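S.K.: Quick one, what's the 3D model for this:
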Amino acid sequence: MNITIVGTGYVGLVTGTTLAELGNSVYCVDIDEKKVEGMKNGVVPIYEPNLEEMFHRNIQSQRLFFTTNLKEALDKSEVVYLALPTPPGEDGSADLSYVLGVASDIGDLMTEYKVIVNKSTVPVGTAEKVTEVISSRTDIAFDVVSNPEFLREGFAVEDSMNPARVVVGSSSEKAKEIMSKIYQPFTNTGIPIIFMDEKSSELTKYASNSFLAVKITFMNEIANYCEKVGADVDKVRLGMGSDDRIGHRFLFPGIGYGGSCFPKDVKALIKSGKQEDFNFQILEATENVNVAQKVILVSEIEKYFEGNLKGKKIAIWGLAFKANTDDIREASSLDNIDLLLKKGAEIIAYDLVAENNVRNIIGDQIQYAKTMYDALEGADALFIATEWPEFKNPNFELMAKKMKSKVIFDGRNMFPLEVPKQNGFYYKSIGRQTILN
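M.R.: Have a look, this model is predicted:
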């Protein structure tokens, strides 16, 4: 099948590459000429494990194409995926200007029946708005489908090639038949397609991400309480997760959630509720707790240094909001850097994957190290902000030689408590005993 993908961010590029891998001819459209030219020349514009190999393979197989010309792509395709940004506005509501703008363009340019697939995360009722916009521009028949993505950054290729389920919201039998054909390689292996109405499909995405945000935040609150009463959150987590009604995933405490999905989707669902005179009280509490959780270790750092951080050199390991991505949107590292700088600390950070994205935002307000150990040279303390695998088993002897003080504040609970204890480090993590040494 011939498919157009409008937008080549995380969702668009991974979705387009996956659909090409499944044997379709995919035309990826983006307005950024430089980006499109780079992709034509084999440059993958985002960091995502295992994407580059699949990207190059499908370009070479002539199933994956890139263009800035929407009409050219539309003329070749029966199905058009909208994978466009829906950033939060000042009031938290999802900005639909990109989605509705492209819908208007499609209405002007289409010459025959199309299935328009909303892949972007959008509020309930967006399919109706897209339908209204296109209908106002053309008399040609079309259908609008809601087909939300459930990709985890860092595992997006794995999730796209082996999804737990495919959700399709449509009231059109013709559109359902076409979507079934696209996803037949999945259903052939037992992966279900769940058909529903458009509004239920749109809400399914928001509800799923918001529930996971609540689960993470609940565990962070339990971790903070563990510190008050002397319990160990790792043991509590294992005890809870062994209940199959709860499960082990998303029970790892830390310095809050970030990224492009959870913060945005929680805000958008709260705002959507208010527009219907409904208050999502649990989500409002979740958002408030997460804001505080992201910088919860700064007060501990201040306490350790007796309230004076001026001139203290803090090494930071990790800048991305999570491991295996270069995404720094809503990253806890940025909140901590901002607060530590305001309190007079000096920052040197290490994250080879996300470094350039941080440079583009804060420039030379901090220093950047070429290796994780270079960041420790003369450091008064180490702050771990991202759970990159390379941080899991470091050389503590080398760390001790490089650091001015053997002090670690771990926002991701990277080490078993006995490890820093045996190596003579002061070690403060989340929801566990503080190793004083």
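S.K.: From what I see, residue 322 and residue 388 are in contact.
M.R.: No - if you go by Cβ atoms under 8 Å, residue 322 and residue 388 don't touch, sitting 9.2 Å apart. For glycine as for every other residue, the C-beta is placed from the backbone atoms N, C-alpha and C.
S.K.: Settle it for me: which of these two has more neighbours?
M.R.: The residue with more neighbours, out of residue 322 and residue 388, is residue 388; 23 against 20, by other Cβ atoms under 10 Å.
S.K.: got a list of what the nearest residue to that one once chain neighbours are set aside touches?
M.R.: In space, and not counting its chain neighbours, residue 388 is closest to residue 323: 4.8 Å by Cβ to Cβ, 6 or more residues apart in numbering. The contact partners of residue 323, by Cβ atoms under 8 Å, 6 or more residues apart in numbering, come to 154, 386, 387, 388, 389.
S.K.: same deal with residue 164?
M.R.: Contact analysis of residue 164 by Cβ under 8 Å, 6+ apart lists 150, 191.
S.K.: ok so, going back, state the distance from the residue nearest to residue 388 to residue 367.
M.R.: Relative to residue 367, residue 323 is positioned 22 Å away (Cβ to Cβ, to the nearest Å).
S.K.: what secondary structure does residue 20 sit in?
M.R.: Three-state assignment for residue 20 (DSSP: H, G, I helix; E, B strand; the rest coil): helix.
S.K.: before we move on, back to that, secondary structure element for the residue nearest to residue 388?
M.R.: Using DSSP states H and E, residue 323 maps to neither a helix nor a strand.
S.K.: Please verify my assumption that residue 93 contacts residue 268.
M.R.: Yes - using Cβ under 8 Å, residue 93 is in contact with residue 268, at 6.2 Å.
S.K.: Between these two, tell me which one has more neighbours.
M.R.: More crowded of residue 93 and residue 268, by other Cβ under 10 Å: residue 268, with 24 against 17.
S.K.: shared neighbours of residue 93 and residue 268, which are they?
M.R.: Residues touching both residue 93 and residue 268 by Cβ under 8 Å, 6+ apart: residue 123.
S.K.: how does the protein divide up, domain by domain?
M.R.: 2-196, 205-292, 294-428 (automatic domain parsing).
S.K.: Could you provide those in JSON lines, with additional columns for mean pLDDT and distance to residue 436?
M.R.: Converted to JSON lines, the domains of the chain look like this (pLDDT from 0 to 100; distance: least, Cβ to Cβ, whole Å):
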{"stretch": "domain 2-196", "mean pLDDT": "96", "distance to residue 436": "34"}
{"stretch": "domain 205-292", "mean pLDDT": "96", "distance to residue 436": "14"}
{"stretch": "domain 294-428", "mean pLDDT": "97", "distance to residue 436": "6"}
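S.K.: Turn these into JSON lines, columns for distance to residue 434.
M.R.: Converted to JSON lines, the domains of the chain look like this (distance: least, Cβ to Cβ, whole Å):
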{"stretch": "domain 2-196", "distance to residue 434": "30"}
{"stretch": "domain 205-292", "distance to residue 434": "8"}
{"stretch": "domain 294-428", "distance to residue 434": "5"}
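S.K.: quick one: contacts of the helix or strand where residue 334 lies?
M.R.: In this assignment (DSSP H and E), residue 334 forms part of helix 332-342. Helix 332-342 is contacted from outside by 254-256, 258, 294-295, 297-298, 301, 309, 314, 316, 318-321, 328, 347, 349, 351, 358, 361-362, 365-366, 383, 385-386, 411, using Cβ under 8 Å, 6+ apart.
S.K.: give me that answer again for 7 Å
M.R.: 255-256, 258, 294-295, 298, 309, 314, 316, 318-319, 321, 328, 347, 365-366, 383, 385-386, 411 (Cβ atoms under 7 Å, 6 or more residues apart in numbering).
S.K.: Could you tell me which of these belong to strands?
M.R.: Of these, the ones assigned to strands by DSSP state E are 314, 316, 347, 383.
S.K.: and the first one, what is it in contact with?
M.R.: By Cβ under 7 Å, 6+ apart, residue 314 lies in contact with 340, 345, 346, 347, 379, 380, 381, 383.
S.K.: Same question for the third one.
M.R.: When contacts are counted by Cβ under 7 Å, 6+ apart, residue 347 is found next to 314, 316, 337, 340, 341, 366, 367.
S.K.: Identify the residue spatially nearest to the last one, adjacent ones excluded.
M.R.: For residue 367, the nearest residue in space outside its immediate sequence neighbours is residue 348; the separation is 4.1 Å by Cβ to Cβ, 6+ apart.
S.K.: burial of that neighbour, as a residue count?
M.R.: 18.
S.K.: Give the bridge partners for it, please.
M.R.: Counting by DSSP bridges, residue 348 forms beta bridges with residue 315, residue 367.
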